[in-house]
Each structure stands twice: as C-alpha cells, then as structure tokens.
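Chemist: structure for the following, please:
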Amino acid sequence: EGAPPHFSRSGTEGIVDRDTSFAFRSIRSGKMQATIASQFAPVAARANATSSRAQRVPGVCRIRAAAPATRVAAPVAGASSLAIGSTFAADRALNVAVARQVTLKPQPARGVVRCNAQAAAEGESAPSGILANNPALETVMYFALWYFLNVQFNIVNKQIYNYFPFPWFVSAIHLAVGLLIMTFFWTTRLVKFEKPDSEFLKAVTLPSFLHAFGHCLTNVSFAAVAVSFTHTIKTLEPVFSAVGSYLVSGTVYAWPVYMALVPIMGGVALASATELSFTWLGFSTAMASNVAFSARAIFSKKLMAKMSPLNLYNFVTIVSLLFCIPFVIAFEGSTLAAGIAKAVELKGQKEFVLALLKVGAFYHLYNQVAYQALGKVEPVTHAVGNVGKRIFVIGFTILAFGNKISTQTAIGSGIAVIGAGLYGWLKAKYAADTKTVKKA
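Modeler: This is a model prediction of the structure:
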C-alpha cells in the first residue's frame, strides 16, 4: 500500500488527483494553467497506469485507492481556482518556459507499493490463508487426502470387479473420468494449462503407452487376486527400476541401495508362497505392470523439464486413454455388452454408472493429490509416504473385504513394504554417489 511521490515548492499548493483532473489554485494566467497541466499530465498518466496494472492482478499489488495524489506547487499568486481536464495540447516551447519557472522537489512517499513479482509473472495471486502460513499443516493435509483417496479407490475398484470382472474396460473408464476432471480444472483455471509442442507430443507417446499398459495390467491383477496381494507384489517395482535404469542409461547406484532390494524380493517370495488368493494370472500381470511402470518412470524423466508434473500427468492420461481403447476391444470386446447388461441387472443402471464415475474420480484425484503432496517434501519423506500408503491400502482392504491371510503372508508383506521404504530412503541418502556408466 502507498501513495505516489509528493512534489512541493514554497508558495500556494495545488493537487493532481488519480482521475487525472488538475486543480490549480491561485494561478494568474489561463495560458499558464494549461501549460502547467500539460507539464504534469505524463506524471499523472504513469500513476494511473501503475494503479490500473495493480488492479488487474488481484492480490499481487495493492495500492490505497483513497491515497492523496501528487502535489504540485506553482510560483504564482491570485484568488481564483480552476479545474482543468487531463487532455491538453502540448506546446514544447511553453513547456520549457514553465519548466524553468517551476522547481520540483521530491519528498519521500508516504507508503509502499507491495508487489509479488513471481505471482504477477505467473498470473496468480499471492498465497494467503491458514495453509499458506502453516506449510507443515498443508503437507499433512495433502498426505491425509492422498491416503484417503487411495484407499477409497482400491475398495470401490475391487467392489466393482466382484460383479463386473472387466478390468480393461474399467481401466479405460478411470482415464476417461480423469479426462473430464482435468478439463474442468483447465477451463476453470484451477490448473494452469500448458500447451504442448510437437516435440513433446512425440516424446510423451512411449511413456503414455507404458502407463496405459501398466495400469490395465494392474487392474487385471486386482480383479484376479486380493488387493493386498497385488500391492505386495508391486513393492518389487524398485527392482525393475534399478535394472532398467542401468540398461537404458547406465545408472549405477551405491551398493547399500542395491542391498535394500534383497528384503523386498525375499518378502514378496515369502508372501506369495502361502497367499490364499494366489493365481498365476494375478501374479504375472502384477509383475508385468512393475516392468511397465518402471520403464515409464525412466522414459518420463526428460519430459519433467518440459512441463509441470501435474500437466505432464494430465497429458499422459489423455494419450493413455487412446491406447487403452484397442486393449478393451481386443480382450473384452466380444463379451463386454453382456457383462454390462448383467451388472445393470444386479445393481441397477444408476448405481452401476455412479460406481464407475466414483472409482474414476478417486483414481484421478489420488494421483493428482500425490503430485501435490510429493512436490512439497524431500525424497526421504516421499519414500516414507509411499510406505505409509501401502500399509494403509493393504490394511484397510483386508478389513473391508475380510480377506483371510496366513501368518507367513502377513510377515512377508511387512518385510517387502519395509524393504521398499528402506530402498527409497537409501536412494535419497546416497544420491550424490549415483554414477552413470558409459556402455560399449
């Protein structure tokens, strides 16, 4: 907040207000009045332009509207008072003559115009509110929402598969609902849209295919075995990521990072040996999804520099949906219509459609909130957060569906989850020791 600078000279003062209306008190000559007004018109115009720009960016620049305007002193005397408009014919010779007679002395401004340059550049308002003043509380709320949405997705998703076992179609629905949500966010400008160029669209094709394939395979596993078992198998993703990073880019981590993979593999093996819902379809598709998601992460790294993570995820979702449609036709096209008719008969059309919309919304929102949450913490906290998420999902799905698990499966799942957390922590701790080896 603040006011424009003051100019004064000994003698009777006049005022230039914000509406560029000039009142010159006690000025003897009408010609002199017009000349002085012309002399100070640019000053008032600049003040108005600054005020106008501040008003166009709410929350970025705040200027007191009722602040007094520039004071002008004229070295003349008289008894008349006249208001003259802001549009005058400029006369250079007269301006020079008046400039020699009128001396302007700047005085300190009575206030300060506060601006947030970064917010202005991005076209966003400066942050405010309870969460902005309490970053720790904001992070906790993001993590809590992330966990809640993830648990809800897994429960609703499995409930659908219990009466509608068409995972390829449901996977496409997840992405389609996500497309509707992101369109809403873009059109309402809750998320700033970033226009992709042709290079980006070419580069995003492979990660999008891998995302589509991995997402569909994960859902096939969800439909075939207990959700808790699928999540246990998916703790093996770091193993494939470590191997893939070396094969693709020659990345070599410090030896403690590789040692952390041992309890992951041992825990999964221990859990799989006595898993009551075990099927080879569920196990193999979960393992294949690990390969797909690991490759997606490797090939997505270069795209991170071209677009914000949230917009990158949105565009990956769009392209992935295009890849999912052929999968649906190939694997479920011949029986899909009969499956939908049976689901409608069992649950009713309204309940069935609402369930699909709900699970799609949970899927997209938990991924979006995850990006928001993980963008606010260090990599170590990221690793701990992922472990917490898997514990929550495994625990709540067991309670929700009453799945019976053996003691050995419970121990194996715990070892695998802890191993995954240890891997993430050590990877962040020894990040400086990571090397890239040139392969022949």
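
Chemist: check contacts around residue 235.
Modeler: Residue 235 is in contact with 264, 267-268, 390, 416-417, 419-420, counting by Cβ atoms under 8 Å, 6 or more residues apart in numbering. In this view, the C-beta of every residue, glycine as well, is placed from N, C-alpha and C.

Chemist: residue 358 too?
Modeler: Residues touching residue 358, when contacts are defined by Cβ under 8 Å, 6+ apart, comprise residue 156.

Chemist: quick one on the thing from earlier: narrow the contacts of residue 235 to those in helices?
Modeler: Within the contacts of residue 235, residues falling in helices by DSSP state H are 264, 267-268, 390, 416-417, 419-420.

Chemist: if we can go back for a sec, from the contacts of residue 235, which is closest to residue 139?
Modeler: When these are compared for distance to residue 139, the smallest value, 19.1 Å, is given by residue 390; criterion: Cβ to Cβ.

Chemist: residue ranges with poor pLDDT in the protein?
Modeler: Within the chain, the stretches with pLDDT under 70 are 1-132, 374-384, 439-440.

Chemist: top helix in it by residue count?
Modeler: Secondary structure of the chain read by DSSP H shows that its longest helix is helix 135-163.

Chemist: residue 238 reaches residue 265, doesn't it?
Modeler: No: with contact defined as Cβ atoms under 8 Å, residue 238 does not count as touching residue 265 (10.0 Å).

Chemist: neighbour count for these two, which is higher?
Modeler: For residue 238 against residue 265, the residue with the higher neighbour count under other Cβ atoms under 10 Å is residue 238, and the figures read 21 against 15.

Chemist: quick check: closest non-adjacent residue to the more buried one.
Modeler: The shortest distance from residue 238 to any non-neighbouring residue, by Cβ to Cβ, 6 or more residues apart in numbering, is to residue 423 (4.8 Å).

Chemist: verify the stated contact: the one you found with residue 264.
Modeler: Yes: with contacts counted by Cβ under 8 Å, residue 423 reaches residue 264, the gap being 6.6 Å.

Chemist: between these two, which contacts overlap?
Modeler: If you check residue 423 and residue 264 against Cβ under 8 Å, 6+ apart, the residues they both contact are residue 238.

Chemist: neighbour count: those two, which is higher?
Modeler: Looking at residue 423 and residue 264 with other Cβ under 10 Å, you find the greater number of neighbours at residue 423, namely 29 against 24.

Chemist: what sits against that one?
Modeler: When the contact criterion is Cβ under 8 Å, 6+ apart, the partners of residue 423 are 238, 257, 260-261, 264, 383.

Chemist: just the buried residues of the longest helix of the chain, please?
Modeler: Using 16 or more other Cβ atoms under 10 Å as the test for burial, helix 135-163 gives 138-139, 142-143, 145-158, 160-161.

Chemist: now stretch 261-272
Modeler: In terms of neighbour count (16+ other Cβ under 10 Å), stretch 261-272 has its buried residues at 261, 263-264, 267-268, 270-272.

Chemist: distance to residue 180 added to the residues you listed, as a markdown table?
Modeler: Formatted as a markdown table, the entries for the buried residues of stretch 261-272 read as follows, by distance: Cβ to Cβ, whole Å:
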| residue | distance to residue 180 |
| --- | --- |
| 261 | 39 |
| 263 | 41 |
| 264 | 37 |
| 267 | 38 |
| 268 | 36 |
| 270 | 42 |
| 271 | 37 |
| 272 | 38 |
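
Chemist: of all the contacts of residue 423, which comes closest to residue 134?
Modeler: For the contacts of residue 423, the closest approach to residue 134 (Cβ to Cβ) belongs to residue 383, at 23.8 Å.

Chemist: if we can go back for a sec, turn the contacts of residue 423 into a markdown table, including secondary structure.
Modeler: Conversion of these to a markdown table gives the following (DSSP: H, G, I helix; E, B strand; the rest coil):
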| residue | secondary structure |
| --- | --- |
| 238 | helix |
| 257 | helix |
| 260 | coil |
| 261 | helix |
| 264 | helix |
| 383 | helix |
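
Chemist: now, which of those sits nearest residue 202?
Modeler: Sorting the contacts of residue 423 by how near they are to residue 202, with Cβ to Cβ, puts residue 238 at the top with 28.7 Å.

Chemist: how near is that closest one to residue 230?
Modeler: Shown here: residue 238 relative to residue 230, a distance of 16 Å by Cβ to Cβ, to the nearest Å.

Chemist: likewise for residue 399?
Modeler: 16 Å.

Chemist: now do residue 312
Modeler: Counting by Cβ to Cβ, the separation of residue 312 from residue 230 is 26 Å.

Chemist: more neighbours, these two?
Modeler: The neighbour count for residue 312 versus residue 230, taken as other Cβ under 10 Å, is higher for residue 230 (27 against 20).

Chemist: name all residues that make contact with residue 272.
Modeler: Applying Cβ under 8 Å, 6+ apart, we find residue 272 in contact with 229, 232-233, 278, 283, 412.

Chemist: could I get the residues you listed in a markdown table, plus columns for distance to residue 203, neighbour count and secondary structure?
Modeler: Supplementary listing: the contacts of residue 272 in a markdown table, determined by distance: Cβ to Cβ, whole Å; neighbours: other Cβ atoms under 10 Å; DSSP: H, G, I helix; E, B strand; the rest coil:
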| residue | distance to residue 203 | neighbour count | secondary structure |
| --- | --- | --- | --- |
| 229 | 35 | 29 | helix |
| 232 | 33 | 31 | helix |
| 233 | 30 | 25 | helix |
| 278 | 39 | 16 | coil |
| 283 | 33 | 19 | helix |
| 412 | 39 | 23 | helix |
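
Chemist: pretty sure residue 167 is touching residue 215, no?
Modeler: No: in this structure, residue 167 is not within contact of residue 215 by Cβ under 8 Å, at 9.8 Å.

Chemist: which other helices and strands does the host helix or strand of residue 285 contact?
Modeler: In the assignment (DSSP states H and E), residue 285 maps to helix 280-300. Counting by 3 or more Cβ pairs under 8 Å, 6 or more residues apart in numbering; DSSP states H and E, the packing neighbours recorded for helix 280-300 are helix 205-224, helix 227-233, helix 237-249.
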